Structure formats: structure tokens, C-alpha cells
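S.K.: quick one, what's the 3D model for this:
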Amino acid sequence: METSLFENLRLPSVPLPISNTTHTYRSPVPVKVLESPNEPVILGVDEAGRGPVLGPMVYGIAYCLKDYSSDLKSVYGFADSKTLTVERRDQLMKSIIEPDGDLCQNVGWATTTMTARDISSEMLKPRLIGNINLNEQAHDATIKLIQGVLDQKVNLKEVYVDTVGPPDSYQRKLSSRFPGIKVTVTKKADSLFPIVSTASIVAKVTRDCSLYYLADGADWGSGYPSDPRTSQWLNSNVHPVFGWNSMVRFSWQTSRDALVKSGAVPMVWEDELQTSDDFANVASMMSKPAAGKSYFVSDVISE
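M.R.: Coordinates of the predicted model:
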């Protein structure tokens, strides 16, 4: 990833210093949307950073008057962020946040930056509490972002979503949650609908900018496991007890393999231990210790 482009790019969706906590940014409602409160508004949803082992996953939304949405492609050239150069994505994002620009006056946007620490924390919760997989986390983020636009009294009528998981069931879930809004969930939505392409840019540039500041000069590449620079950094910076800092997704198999490969200290977590009837009553254990048996209390160290 070319990082020099981000040195002079200050995004409101990337507050500094970089936070370890999941956070959401919402732009003000665009002037043109406020001026036409009864006109239908459409909204697109996309994400960036689902697969990487490093850095956040960012969910982005963009919305505008339905009549304006065709300009996003025909006038500005919004497309799936993966098909555009870093320079072009950067230019489009700057246009979105330029206060006096046409895009800023017509397009509203928001992001939820789900940090690596929080993603893994939800996925690695103890069995008794119940963990939350990545799809469920993504669905929750999407629902909250859409609801946030409705809370701003925007006349939202159509929502287009790049799918996470089976599109049919996800569409039913969102349609049930937002009755009265036409919801379309499909694969490759970022290539089919300019409003989703715009959300794709918002999410991608926010993630890349976050990763730039998180790296703080480290040469760790894109953050994807298939990137040789990412793999090199991951395997060369393992602490034998703590692994890495909060920018790494510990729940990824790539991270677990790197820990084993680097000889990290094996850990046994309390919730992984099988329960036994012999330990059901702590008081009885203390008053009537079994002959020849010792009991241990394990300390759990957490950040």
C-alpha cells in the first residue's frame, strides 16, 4: 500500500491518536438533502478489510437524493474501490469531504471502524458467554449505520448492500428490521450501484488511512495474510507471552499459526477446561481435602 498519499489526508473518520476501540463517524446531513426533505433518498453499504490479519474492518455507508445518484458514476467516476488506483480513491475521498464541493453538498456518509482488538474479542469470547462471529458483527454494524441515518430524519427509501453471507437471508433480515424501505442485498453491489461504489470508497480509504497511522513506519504491507511483507512482519514480531499489540487479529488462524511457529508460550484458558463434579462445592474442597490431591488457582492476565 502506498502510504505517502495519507500523510496530508486528514479524515474525520480517522481520529488521531488511533483508537483501540470500535468507533463510528457520521457526516452532517448534506445541504441538498435537507433542502428537499420529501424527496426519496438512497443509501449504499460496503466494507473494507474483512480478510486482513492486521488492522480494522471498516463499514461504510453513503447516501444521497435518488435523482442525484446517477451523477456519482457519470460525472465523478465512482466504481468498485478495488478497480481504482490509490491515487484516484484518495482524490474521490477528498472531494467528498471538501466543504464547498458539489459532492459534500449532495452526499452524506458514515463509517464504523471495527478494531482488530474488538473483532477478536467478540470472536474469542468464552463459550458460556457466547461468541459473535464476523458475519454477525458485520450485520450489527450495518444495522446501526442505517438506523443512524433514519435518526437524522432522512427520507430513506432504498438501501443497497454488498452482501455478507447468503444474500437472500441477509436481505430478509434487513427488510424485517427496516419495514417500508426497499432493501437490495447482492454480490458485487459495489460494481452494480454507484451509491455502493461511493460507500466502498469511504470504507476503503478510511481503512487504508487507519492502517497507515497504525503502522507508524512499520513495513507490514497491506495486512492480508497473502502479502509477503505482512507475513514477514507478523512472524518477526512475536512476543512469547503477549504475541502482538492490539492491531493484530488474534482470532485469525494466521495469527495462531505464527504463535506456534515462533515458539510462543502455550496458554490454557479457564473456559477451555472441562468441569468436574469433584469441584462443584468449593467449601467442601477446603474442609475435606482429598488425600494426595492438590488444588491450584489459576491467574488470568488480561489487558
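
S.K.: who touches stretch 75-82?
M.R.: For stretch 75-82, the surrounding residues in contact (C-beta atoms under 8 Å, 6 or more residues apart in numbering) are 46, 48, 72-73, 88-89, 92, 95, 103, 188, 190-191, 194, 197-198, 200-201, 203-205. In short, each C-beta sits where N, CA and C put it, glycine included.

S.K.: which of these are buried?
M.R.: The neighbour-count criterion (16 or more other C-beta atoms under 10 Å) marks 46, 48, 72, 89, 92, 103, 190, 194, 197-198, 200-201, 203-205 among the contacts of stretch 75-82 as buried.

S.K.: now, which of those sits nearest residue 31?
M.R.: Ranked by distance to residue 31 (C-beta to C-beta), the buried ones among the contacts of stretch 75-82 are led by residue 103 at 11.5 Å.

S.K.: which of the buried ones among the contacts of stretch 75-82 fall within helices?
M.R.: By the criterion of DSSP state H, membership of the buried ones among the contacts of stretch 75-82 in helices covers 72, 89, 92, 103, 190, 194, 197-198, 200-201, 203-205.

S.K.: for stretch 108-127, buried residues please.
M.R.: Going by neighbour count (16+ other C-beta under 10 Å), the buried part of stretch 108-127 is 108-123.

S.K.: what's the average pLDDT for stretch 166-178?
M.R.: Stretch 166-178 carries an average pLDDT of 95.

S.K.: whoops, I mixed them up, stretch 218-236
M.R.: Stretch 218-236 comes out at a mean pLDDT of 88.

S.K.: buried ones in it?
M.R.: 220-225, 227, 230-231, 233-234.

S.K.: ok, now stretch 33-41?
M.R.: 33, 41.

S.K.: show me where the stretch 151-300 of the chain has strands.
M.R.: Counting by DSSP state E, counting those that start in this stretch, the stretch 151-300 of the chain has strands at residues 156-162, 182-186.

S.K.: make a markdown table from those strands and add distance to residue 9 and mean pLDDT to it.
M.R.: Formatted as a markdown table, those follow (distance: least, C-beta to C-beta, whole Å; pLDDT from 0 to 100):
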| stretch | distance to residue 9 | mean pLDDT |
| --- | --- | --- |
| strand 156-162 | 24 | 97 |
| strand 182-186 | 31 | 97 |
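
S.K.: among these, which is the most enclosed?
M.R.: strand 156-162 (a mean of 22; mean count of other C-beta atoms under 10 Å).

S.K.: which strands or helices does it pack on?
M.R.: Counting contacts by 3 or more C-beta pairs under 8 Å, 6 or more residues apart in numbering; DSSP states H and E, strand 156-162 packs against strand 41-48, helix 134-151, helix 167-177, strand 182-186, helix 189-192, helix 194-215.

S.K.: for residue 29, which of these is the nearest?
M.R.: If we rank those by C-beta to C-beta, the stretch that ends up nearest is helix 134-151, at 8.4 Å.

S.K.: angle of that closest one against helix 194-215?
M.R.: 120 degrees (axes from the mean of the first three to the mean of the last three C-alpha atoms, to 10 degrees).

S.K.: tell me the contacts of the nearest residue to residue 67 once chain neighbours are set aside?
M.R.: Nearest residue to residue 67, sequence neighbours excluded (C-beta to C-beta, 6 or more residues apart in numbering): residue 39, at 7.0 Å. Residues counted as contacts of residue 39 (C-beta under 8 Å, 6+ apart) are 33, 65-67, 155.
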